[in-house]
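[1] what shape does this take:
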Amino acid sequence: MTTRVALIACSNGYGHIRRLLFLLEALRSRSAEPVLFAPLKSVQRLVQTEGVAPPEQVDFDSQTTISSWLDGTAWSWYKRLPSLSEYDVVVCDNLIEILKVRPDAWLSGSFFWHESLEEISRELKRKSQELLITHRPRMISSSLFSSEKLMRYTRLYEVGLYKSGTEKTPNLRNKHDILIACGRGGRIEDEAKQFVTSLAKVKPTVFKKVWVDPAILPTSTPYWMMPATFTSQMYNSILAVVIRPGVGTVTNSLIAGAKVFSFYETGSCEMQENAQKITDAGYGCNTSSIEEAWKSAVTYAENSYAQKRHFHLLKGLNMDGAEETAKILLERGDDQNSIGEESV
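    Modelled structure (predicted):
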């Protein structure tokens, strides 16, 4: 009997959807029937940039953005879901409220919204903690990013980073570019725009090309600055990234071999934790601002020894998260009683 799997994405940024797209690929390769619940336009864009096959999909927008968590409206997102009764396994990325309609659901991700945002209401935080304590759900997280809170409140399975099955092993050849991006989830666009506008007025840098998130790209740019495409071709040309360290962008950067130089807004515990974890693992640098991140990236680009050391370190990075997760879901999807804190 074929296992039907519902994959429900948080719609705050592309990283949540990208992770589930790669998991969907791995599930299909094991003869399961996964269905992705995510905004149609976002999925269409990622299918194109990531080069994956279009999924079976339900056009669903959870409307769970940072602003909706802060004003309290995100909590009721689950009420808009269609029936999930036909699915044997339900996986929900970063949204614990799924437990209200499917207490047996698996969670995926690396943090909880009520722990990540300092300004979130005490009432919402209380309700979220009660939900986790009541159900103590099973959760799957990439070990590089796992928050300490996950172990406390869930039955945790740790896996590697999620990548497409077609992704190749990175190498140092033909890497002369840099990416500057702040993603869709943050509140630091204005600072990033100001920096990129100033950068566009100076002479060409040590980097051959500077790829910039279109959301912060100036209207007038020099020949060496261009809008980021976020395709595998772009990532494969990149030596370093100056980014707000969302899990999706960091994962794509590391898989392509780039070193990560982080900047982020104040008040985001998730970004702060991600940046520090990346730094502690040796894959990047937790800097105080986008200006400092840029300076550190330039220094790295001028040091061939540091680049070789970074690539040697990346050889030990587990990038099999999608395959490991698919195996866990299909082999333990019905196992409710014998799971403790475990890791793969």
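[2] pull the contacting residues for Thr154.
    By CB atoms under 8 Å, 6 or more residues apart in numbering, the residues touching Thr154 are Leu107, Leu132, Arg136, Pro137, Arg138, Met139. In this view, the C-beta of every residue, glycine as well, is placed from N, C-alpha and C.
[3] okay, buried residues for the helix or strand encompassing the second one please.
    Leu132 belongs to helix 122-135 when assigned by DSSP states H and E. When burial is assessed from 16 or more other CB atoms under 10 Å, helix 122-135 yields the following buried residues: Leu124, Ser128, Gln129, Leu131, Leu132, His135.
[4] filter the contacts of Thr154 down to the buried ones.
    Neighbour-count burial (16+ other CB under 10 Å) applied to these gives Leu107, Leu132, Pro137, Arg138, Met139.
[5] just put the residues you listed in TSV and tack on pLDDT, distance to Ala240 and secondary structure.
    Output for the buried ones among the contacts of Thr154, formatted as TSV (pLDDT from 0 to 100; distance: CB to CB, whole Å; DSSP: H, G, I helix; E, B strand; the rest coil):
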residue	pLDDT	distance to Ala240	secondary structure
Leu107	96	32	strand
Leu132	94	37	helix
Pro137	96	37	coil
Arg138	97	37	strand
Met139	96	32	strand
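[6] among those, which pair sits farthest apart?
    Using CB to CB, the pair of those lying farthest apart is Leu132 and Arg138, separated by 11.7 Å.
[7] helix/strand/coil for Gly183?
    coil (DSSP: H, G, I helix; E, B strand; the rest coil).
[8] so how far is Tyr264 from the closest residue to it other than its chain neighbours?
    Distances taken as CB to CB, 6 or more residues apart in numbering place Gly246 nearest to Gly183, at 4.7 Å, with adjacent residues excluded. Gly246 sits 9 Å away from Tyr264, going by CB to CB, to the nearest Å.
[9] all helices for the stretch 201-344 of the chain, in order.
    232-236, 247-256, 269-281, 290-301, 304-314, 321-332 (DSSP state H, counting those that start in this stretch).
[10] which of those helices sits most buried?
    helix 247-256 (a mean of 24; mean count of other CB atoms under 10 Å).
[11] who are the packing partners of it?
    helix 14-29, helix 232-236, strand 238-243, strand 259-262, helix 269-281 (3 or more CB pairs under 8 Å, 6 or more residues apart in numbering; DSSP states H and E).
[12] okay, now the unreliable bits of the chain?
    Scanning the chain for pLDDT under 70 picks out 165-172, 184-186, 333-344.
[13] make JSON lines from the helices and strands packed on helix 247-256 and add distance to Ser83 to it.
    Formatted as JSON lines, the helices and strands packed on helix 247-256 follow (distance: least, CB to CB, whole Å):
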{"stretch": "helix 14-29", "distance to Ser83": "20"}
{"stretch": "helix 232-236", "distance to Ser83": "37"}
{"stretch": "strand 238-243", "distance to Ser83": "39"}
{"stretch": "strand 259-262", "distance to Ser83": "41"}
{"stretch": "helix 269-281", "distance to Ser83": "31"}
